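Engineer: could you work out the structure for the sequence below:
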Amino acid sequence: MGGTRSKTIFELLAGSPGPITVAEIAAKLGVSPRTVRYELDDLEPLVRRLGGRLTRRPRVGIAIE
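Structural biologist: Residues are numbered from 1 along each chain as shown. This is a model prediction of the structure:
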């Protein structure tokens, strides 16, 4: 996996009972929503290799299924 930020995003998503918005993730990490979206693009192949799927739903949030 990329860096510490990607690991933290993965842990937030994996530990969440439901979807989390990009804005919520950005606020927790102290970065911009754009930065989170770039990190999610890098994280997606790892999630697939682990047998999961990164689901992005506008106005709902991101979740690992």
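Engineer: OK, contacts around the closest residue to residue 32 other than its chain neighbours?
Structural biologist: Take residue 32 and drop its neighbours on the chain: the residue closest to it by C-beta to C-beta, 6 or more residues apart in numbering is residue 26, 6.0 Å away. All C-beta spots, glycine's among them, are computed from the backbone N, C-alpha and C. Contacts were defined as C-beta atoms under 8 Å, 6 or more residues apart in numbering; by that measure residue 26 touches 32, 33, 35, 36.
Engineer: could you measure from the first one over to residue 51?
Structural biologist: Using C-beta to C-beta, to the nearest Å, one gets 30 Å for the distance from residue 32 to residue 51.
Engineer: around the closest residue to residue 8 other than its chain neighbours, how many other residues sit close by?
Structural biologist: Take residue 8 and drop its neighbours on the chain: the residue closest to it by C-beta to C-beta, 6+ apart is residue 29, 6.4 Å away. Residues contacting residue 29 under the criterion other C-beta atoms under 10 Å number 16.
Engineer: if we can go back for a sec, confidence score at the residue nearest to residue 32?
Structural biologist: In this prediction, residue 26 carries a pLDDT score of 97.
Engineer: now it: which helix or strand?
Structural biologist: If you go by DSSP states H and E, residue 26 is part of helix 22-29.
Engineer: quick check, residue 55 in a helix?
Structural biologist: No: counting by DSSP: H, G, I helix; E, B strand; the rest coil, residue 55 is located in no helix; its state is strand.
Engineer: helices of this protein, start to end?
Structural biologist: Counting by DSSP state H, the chain has helices at residues 4-15, 22-29, 33-49.
Engineer: torsion angles phi and psi at residue 59?
Structural biologist: Main-chain dihedrals, residue 59, degrees, to the nearest 10: phi 60, psi 10.
Engineer: per-residue pLDDT of it, please?
Structural biologist: Residue 59 is given a pLDDT of 91.
Engineer: residue 13 versus that one, what's the distance?
Structural biologist: Going from residue 59 to residue 13 by C-beta to C-beta gives 17 Å.
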